[in-house]
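[1] Could you work out the structure for the sequence below:
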Amino acid sequence: MKFNPDADLDTSGVEDTRGSGGGGGGLLPGGMIPVGGGIGGIILLVVILLLNGGLPGGGGSDEPVAQNTAPGNLSSCETGKDLAANKDCRFVFYQNSIESFWAAELPRRGKKYTRAPMRVFSNSVNTGCGPATAAVGPFYCPPDKRVYLELGFFETLQTDLGARGGDFAEAYVVAHEYGHHIQNLYGILGRIESREGPTSDSVRSELQADCLAGIWTNHATTVPDRSGKTFITGLTEDDIARGLDAAASVGDDRIQEKTQGQVNPESFSHGTAEQRMRWFKTGLDSGDMTSCDTWSARSL
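    All right, here's what the predicted structure looks like:
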């Protein structure tokens, strides 16, 4: 994944609260349910198991896990050149590119776009959906229209869920969460009623968010900054493969097999590894939002 060193980064939509104390514990009790991102509800069980001693036979990674730099440092990411000194600036690249794409795409389709800040936190955070801990994993909260990201999740994605990792694996997760924001703007999240089962509303919502992440990916190398320069100048086949691999690693069947030793489709909430990869690729190949109608699809 090639980042443009000349890109003009905008940190106004990135809230870095690491090291600030965040806010209370608990796992989003009561109130509106957050929308789990590529991961959300599934990863909750996995991380709790990790905190209690780890997963049996946990997977590995073929790429070193990136170490985060000092807390609360994303406000210093002003241009692409800052990435050389602060590797965390890549998350500003992801956020800027994804939001810039949707801010242009939705009006083109006659829909107003409303910004959704990305809040990076550590340990715990207060949200419009209630207090959350890092164990929830990345998620989108509809009431406050924010994407929440705890960067330690990406280490778990590699070391315990067996994903290969890499920059684009991270970008896929962020793009998936913003997919939920697009759903919220269209009123789609409000139609979710059934939350478990292979064809449940929850599964359809998560697979649609994967497809929307693929839509952004299709256009990623053409999304411009405020000065007209692209944020991302190149995506390789290996980048795409790592994104697909990340999607597969958080499939319900993969998670259940790893944590329970068996697969129970009736408790699915996000879709299988194969479904998550396929719907991501559907968006990637088409680049068109109309290809992401998981709600009327007979076969998921």
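
[2] could you pull out the helices for the stretch 1-150 of the chain?
    Taking DSSP state H, counting those that start in this stretch as the criterion, the stretch 1-150 of the chain contains helices spanning 40-51, 90-108.

[3] Least reliable of those by average pLDDT, please.
    Lowest mean pLDDT of those: helix 40-51, a mean of 34.

[4] mind checking pLDDT for S20?
    For S20, pLDDT reads 71.

[5] Around it, how many other residues sit close by?
    By other Cβ atoms under 10 Å, 13 other residues sit near S20. Every C-beta, even on glycine, is put in place using the N, C-alpha and C of the backbone.

[6] How about P117?
    15.

[7] try the one 4 residues further on
    Neighbourhood size, F121 [other Cβ under 10 Å]: 26.

[8] cool, the one 3 residues further on as well?
    For S124, the tally of surrounding residues (other Cβ under 10 Å) stands at 20.

[9] my guess is it meets A135, correct?
    No: the pair S124 / A135 is not scored as a contact, 9.4 Å apart, by Cβ atoms under 8 Å.

[10] Give the residues shared as contacts by those two.
    Here S124 and A135 have no joint contacts, going by Cβ atoms under 8 Å, 6 or more residues apart in numbering.

[11] The spatially most central residue of the chain: which element?
    Central residue of the chain (Cα atoms, centre = their mean): V173, 2.5 Å from the mean position. Using DSSP states H and E, the element containing V173 is helix 167-185.

[12] how about that helix: buried residues?
    In terms of neighbour count (16 or more other Cβ atoms under 10 Å), helix 167-185 has its buried residues at 167-185.

[13] Check stretch 228-238 too.
    Counting neighbours by 16+ other Cβ under 10 Å, stretch 228-238 gives 230-233, 235 as buried.

[14] Look at it and report the distance between its end residues.
    27 Å (Cα to Cα, to the nearest Å).

[15] which residues are contacting that stretch?
    1-4, 6-8, 80, 93, 96-97, 100, 166, 168, 217, 220-225.

[16] hmm, 10 Å instead?
    1-9, 80, 92-98, 100-101, 164, 166-168, 171, 217-225, 239, 242-243, 284 (Cβ atoms under 10 Å, 6 or more residues apart in numbering).

[17] to the chain's geometric centre, what's the distance from it?
    Remark: stretch 228-238 is offset 19 Å from the chain centroid, using Cα atoms, centre = their mean, to the nearest Å.

[18] related to what we said a few turns ago, the helix holding V173 to helix 90-108, inter-axis angle?
    40 degrees (axes from the mean of the first three to the mean of the last three Cα atoms, to 10 degrees).

[19] tell me what the helix or strand just after helix 167-185 is packed against?
    Per DSSP H and E, the first helix or strand lying C-terminal to helix 167-185 is helix 201-219. For helix 201-219, the contact count by 3 or more Cβ pairs under 10 Å, 6 or more residues apart in numbering; DSSP states H and E identifies strand 35-36, helix 40-51, helix 90-108, helix 167-185, helix 237-249, helix 273-286 as packing neighbours.

[20] one more time with 6 Å
    helix 90-108, helix 167-185, helix 273-286 (3 or more Cβ pairs under 6 Å, 6 or more residues apart in numbering; DSSP states H and E).

[21] And the next helix or strand past that helix?
    Past helix 201-219, the next helix or strand by DSSP H and E is strand 232-234.

[22] That next one: partners in the sheet, and parallel or antiparallel?
    Strand pairing for strand 232-234, determined by DSSP bridges: strand 2-3 (antiparallel).

[23] Quick one: mean pLDDT over the strand it pairs with.
    Mean predicted confidence for strand 2-3 is 98.

[24] Contacts for it next, please.
    For strand 2-3, contacts defined as Cβ atoms under 6 Å, 6 or more residues apart in numbering pick out 80, 83, 93, 233-234.
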